[in-house]
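1. based on what follows, work out the 3D shape:
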Amino acid sequence: MNGSAIAASGLRKAYKDKPVLDGIDLDVRTGTIFALLGPNGAGKTTTVNVLTTLLTPDAGKVLVAGHDVVTEAKAVRAAIGVTGQFASVDNLLTGRENLLMMADLLHLPKTEGRRITDRLLDRFDLVEAAGKPAASYSGGMRRKLDLAMTLVGGPQIIFLDEPTTGLDPRSRRTMWEIIRDLVADGATIFLTTQYLEEADQLADRIAVLDQGRLVAEGTAGELKRRIPGSHVRLRFTSRPELDAAARVLHESTEDGDELTLRVPGDGGVKSLRALLDRLDAHSVEVEELSVHTPDLDDVFLALTGHGNKEVNAR
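-> Take a look at the predicted model:
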């Protein structure tokens, strides 16, 4: 477990007679972003609740920041920060007051609390709004303030439960940059998200949970390569060129309206060169070439039977 921010072995949890987590193994490396995906009811929230000491596992060993979540729960809580799907700011307080309140709850000295508050307001671009009630903040500003409050205690490991749900595209990308900056500063991020694109963009490793079991884990690229469907799309300028190419590439699928051929292949340099050489040998010219690989939606559909681009992360 050396080098692991979070390590779980044989994690099990059941409610009455219904198993929710059925032998989960996790290894989240320090200083990385780990995304947990899964359909509704897969067990993601239960996993996060166990890792953050809100639930006690029925079996298995779980270490967070090197501490056992059962026997050293206080040490675990001191090392982590948790930001939920819904911002937990106090609407009646200003942005600055929310941060100072969090510093007081953590029993920080007054001078240190003010210093950290000023630094976080600047980091999250909330200086101008610092004196305004949180109730007047936009969704993106509230989410940034919520995350800033999580950082007051300087956690090593940050759990983000759907951090960009409900945000507009600009605010979502701003949050992505903040998350990347946190990791660059040494934090470890455990992320659940309903946006597959978000996991694809951010995560160093992704795990897919289904019916209480991890059905796949790896980088986004590794998961995509597990799913068949990679192909090369060739577009031609005329029908005669299309017909000529179809005669050469017997394995292709034709779209006469678009003047394109879909050719199965991995999109690698060698296979692309061989494909073009076959066409050159018959004097067939290609107007446009593009490589298409399965996305995380295809992976999700193949592994869990759920193919929605926005997957509930509960």
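2. hey, where'd the helices end up in the stretch 201-314 of the chain?
-> In the stretch 201-314 of the chain, the segments counted as helices under DSSP state H, counting those that start in this stretch are 220-225, 239-248, 269-280, 296-304.
3. any chance of JSON lines for those helices, columns distance to Gly153?
-> In short, each C-beta sits where N, CA and C put it, glycine included. Converted to JSON lines, these look like this (distance: least, Cβ to Cβ, whole Å):
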{"stretch": "helix 220-225", "distance to Gly153": "31"}
{"stretch": "helix 239-248", "distance to Gly153": "62"}
{"stretch": "helix 269-280", "distance to Gly153": "49"}
{"stretch": "helix 296-304", "distance to Gly153": "33"}
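4. would TSV of these with mean pLDDT be doable?
-> Putting the helices of the stretch 201-314 of the chain into TSV (pLDDT from 0 to 100) gives the following:
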stretch	mean pLDDT
helix 220-225	84
helix 239-248	95
helix 269-280	92
helix 296-304	80
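5. deepest of these, which one?
-> Ranked by mean neighbour count, those are led by helix 296-304 with a mean of 20 (mean count of other Cβ atoms under 10 Å).
6. about what we covered before: Leu37 is nearest to which of the helices of the stretch 201-314 of the chain?
-> Among the helices of the stretch 201-314 of the chain, the nearest to Leu37 by Cβ to Cβ is helix 296-304 (6.9 Å).
7. send the alpha carbons of that closest one over as CSV?
-> C-alpha atoms of helix 296-304 as CSV (Å, rounded to 0.1, in the frame of the first residue of the first chain):
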residue,chain,number,x,y,z
LEU,A,296,-16.6,6.1,-22.5
ASP,A,297,-20.3,6.0,-23.3
ASP,A,298,-19.6,2.9,-25.4
VAL,A,299,-17.5,1.4,-22.5
PHE,A,300,-20.3,2.1,-20.1
LEU,A,301,-22.9,0.5,-22.3
ALA,A,302,-20.8,-2.6,-22.9
LEU,A,303,-19.9,-3.0,-19.2
THR,A,304,-23.2,-2.1,-17.5
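8. which elements pack onto that helix?
-> helix 196-202, strand 205-210, strand 213-218, helix 220-225 (3 or more Cβ pairs under 8 Å, 6 or more residues apart in numbering; DSSP states H and E).
9. who wins for proximity to Arg115 among the helices of the stretch 201-314 of the chain?
-> helix 220-225 (38.4 Å).
10. distance from the chain centre to that closest one, please.
-> How far helix 220-225 lies from its chain's middle: 14 Å, per Cα atoms, centre = their mean, to the nearest Å.
11. pick out the residue nearest the middle of this structure.
-> Ala199 (2.8 Å; Cα atoms, centre = their mean).
12. that one touches Ile206, doesn't it?
-> Yes. At 5.3 Å, Ala199 and Ile206 qualify as touching, with contact defined as Cβ atoms under 8 Å.
13. okay, and the common contacts of the two?
-> Overlap of the contact sets of Ala199 and Ile206 (by Cβ atoms under 8 Å, 6 or more residues apart in numbering) consists of 35, 37, 220, 296.
14. redo these as a markdown table? Include distance to Arg173.
-> Listed next are the shared contacts of Ala199 and Ile206 as a markdown table, based on distance: Cβ to Cβ, whole Å:
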| residue | distance to Arg173 |
| --- | --- |
| Ala35 | 17 |
| Leu37 | 20 |
| Ala220 | 18 |
| Leu296 | 18 |
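15. from the residues you listed, which two are the most distant?
-> Leu37 and Ala220 (10.7 Å).
16. which neighbours do those two share?
-> 199, 206, 296.
17. so who does the first one touch?
-> Ala199 is in contact with 35, 37, 191, 193, 206, 220, 296, counting by Cβ under 8 Å, 6+ apart.
18. residues contacting the residue lying closest to it once chain neighbours are set aside?
-> Excluding the flanking residues, the one nearest Ala199 by Cβ to Cβ, 6 or more residues apart in numbering is Ala35, at 4.0 Å. Contacts for Ala35 (Cβ under 8 Å, 6+ apart) come out as 191-193, 198-199, 202-203, 205-207.
19. count of neighbours near the nearest residue to Gly81 once chain neighbours are set aside?
-> Distances taken as Cβ to Cβ, 6+ apart put Pro155 closest to Gly81, at 3.4 Å, once the chain neighbours are dropped. Other residues near Pro155 number 19, with proximity taken as other Cβ atoms under 10 Å.
20. surely Pro155 and Val76 touch.
-> No. Between Pro155 and Val76 there is no contact under Cβ under 8 Å: 10.6 Å.
21. how close does Val69 get to Asp17?
-> Val69 sits 24 Å away from Asp17, going by Cβ to Cβ, to the nearest Å.
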